[in-house]
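1. coordinates only, sequence not included:
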């Protein structure tokens, strides 16, 4: 890897349901991932990538409350350095909101591509989480498929984020990862545990990037079959999953789609308006913004509010905020980003 890697190019990150998504195609997402992996840890430590699907959204928000169901998870996903849409419903919603994402980028598809690029570029991977037999099986399949691939660690610990000794356990896991010399950490704890664990430990990790991959080790090892290509591309992969595991998944997908569709409806009814109200930052007062105009915010304004929230590492103040704009922020799950004057349900 180069000793002085270039800083990744800044790209638009449109706001969709209170998260900053990267508007990237699959090849662009892979390039961005390796650009970030090549960098040394940043001010907050290891960088985080998230492959967000409907489950992520449902785990983060509630249909009947405008504030997050899981504030810690919302904070992780807003602060992540790379966020891609792993679900066609999110792609469709982005298009309805006038902030189109080019295509779906699934974690299950991305991991083999990461392995292929890592083998070519001599980048070291570390596998964390999953059931041991499937994680090791996935590692064996990938190393056979991509000669030269270096998987420098396979670790499948039991992780309880709330255990009294969780901090000490985390430090030991981080020590093993750091000693391996890995640049890329693939975390298979499932959402939200994998994202919360990565955020909690990013300052202690020396790898370039960590990404939560859910059950991808199981897919690669053949323990769970993936849907045919036409179902993946049409957004009906969830039907295939329910057919495979009806007893476990029908309630999860049914409830998830109900919640997501409710969130999407409110966001669409309060969608950003092209050429609408904007946002001006106060360079001498970080975290303070002023709304220009009284109508609905533009897509760029919503992105600017999210960017300011992340830069300030906390709530921001928006001066001149109208009632209509407040309703729009509530519908887009951004009302909790306000430092004061927010109406909480």
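-> Noted; the coordinates are in hand. Everything quoted here is computed from the prediction, not taken from an experiment. Residues are numbered from 1 along each chain as shown.
2. what sits against the residue nearest to residue 97 when sequence neighbours are not counted?
-> Nearest non-adjacent residue to residue 97, counting by C-beta to C-beta, 6 or more residues apart in numbering: residue 271, 4.9 Å away. Using the backbone N, CA and C atoms, a C-beta is placed for each residue, glycine as well. Going by C-beta atoms under 8 Å, 6 or more residues apart in numbering, residue 271 touches 96, 97, 98, 296.
3. now a PyMOL select for only the buried ones of those.
-> Buried members of the contacts of residue 271, defined by 16 or more other C-beta atoms under 10 Å, are picked up in PyMOL with:
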select buried, resi 97+296
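4. just to revisit the earlier point, for the residue nearest to residue 97, pull up the helix or strand it's in.
-> Secondary structure assignment for residue 271, by DSSP states H and E: no helix or strand.
5. any stretches of the stretch 151-300 of the chain with poor pLDDT?
-> Within the stretch 151-300 of the chain, the stretches with pLDDT under 70 are 224-253.
6. ok, the residue nearest to residue 67 when sequence neighbours are not counted to residue 300 distance?
-> Spatial nearest neighbour of residue 67, chain neighbours left out: residue 336 (4.7 Å); criterion: C-beta to C-beta, 6+ apart. Taking C-beta to C-beta, to the nearest Å as the measure, residue 336 falls 21 Å from residue 300.
7. do the same with residue 192
-> Residue 192 is 29 Å from residue 300, where distance means C-beta to C-beta.
8. look at the two and report which has more neighbours.
-> residue 192 (21 against 18; other C-beta atoms under 10 Å).
9. quick one: contacts for that one?
-> Contacts for residue 192 (C-beta under 8 Å, 6+ apart) come out as 56, 59, 60, 70, 72, 73, 76.
10. how about the strands in the chain?
-> For the chain, applying DSSP state E gives strands covering 15-16, 19-20, 47-52, 82-85, 124-129, 150-155, 184-188, 209-212, 278-281, 288-292, 317-319.
11. could the ones you listed go into CSV alongside distance to residue 168 and mean neighbour count?
-> Converted to CSV, the strands of the chain look like this (distance: least, C-beta to C-beta, whole Å; neighbours: other C-beta atoms under 10 Å):
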stretch, distance to residue 168, mean neighbour count
strand 15-16, 38, 28
strand 19-20, 32, 23
strand 47-52, 22, 26
strand 82-85, 30, 26
strand 124-129, 17, 24
strand 150-155, 16, 18
strand 184-188, 19, 26
strand 209-212, 20, 28
strand 278-281, 41, 17
strand 288-292, 40, 18
strand 317-319, 39, 17
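12. can you list those strands in CSV and add distance to residue 331?
-> Converted to CSV, the strands of the chain look like this (distance: least, C-beta to C-beta, whole Å):
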stretch, distance to residue 331
strand 15-16, 12
strand 19-20, 14
strand 47-52, 19
strand 82-85, 19
strand 124-129, 35
strand 150-155, 41
strand 184-188, 32
strand 209-212, 27
strand 278-281, 17
strand 288-292, 16
strand 317-319, 16
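13. distance from stretch 167-176 to the middle of the chain?
-> Computed by C-alpha atoms, centre = their mean, to the nearest Å, the separation of stretch 167-176 from the middle of its chain amounts to 23 Å.
14. how's the protein carved up into domains?
-> Annotated domains of the chain cover 15-221, 278-337 [automatic domain parsing].
15. now for these, which one comes closest to residue 260?
-> Closest to residue 260 of these is domain 15-221 (C-beta to C-beta; 4.9 Å).
16. now the closest residue to residue 303 other than its chain neighbours: how far from residue 279?
-> Spatial nearest neighbour of residue 303, chain neighbours left out: residue 15 (5.0 Å); criterion: C-beta to C-beta, 6+ apart. Separation of residue 15 from residue 279 (C-beta to C-beta): 11 Å.
17. joint contacts of those two?
-> Common neighbours of residue 15 and residue 279 (C-beta under 8 Å, 6+ apart) are residue 305.
18. OK, contacts around the residue nearest to residue 220 when sequence neighbours are not counted?
-> Excluding the flanking residues, the one nearest residue 220 by C-beta to C-beta, 6+ apart is residue 138, at 3.9 Å. For residue 138, the contact set (C-beta under 8 Å, 6+ apart) comprises 127, 130, 216, 217, 218, 220, 221.
19. which residues touch the last one?
-> In other words, residue 221. Contact analysis of residue 221 by C-beta under 8 Å, 6+ apart lists 133, 134, 135, 137, 138, 141.
20. next step: the residues you listed restricted to helices.
-> If you go by DSSP state H, the contacts of residue 221 have 133, 134, 135, 137, 138, 141 in helices.
21. so how many other residues sit close to residue 40?
-> Other residues near residue 40 number 10, with proximity taken as other C-beta under 10 Å.
22. could you check the pLDDT of it?
-> Note for residue 40: predicted pLDDT of 89.
23. please apply the same query to the one 4 residues further on.
-> Residue 44 is assigned a predicted lDDT (pLDDT) of 90.
24. swap in the one 3 residues further on?
-> Per-residue confidence (pLDDT) for residue 47: 97.
25. going forward, count from 57.
-> Right, with 57 as the first residue, what we last looked at is residue 103.
26. quick check: closest non-adjacent residue to it.
-> Counting by C-beta to C-beta, 6+ apart, the nearest residue to residue 103 once its immediate chain neighbours are dropped is residue 137, at 4.2 Å.
27. sounds good, over and out.
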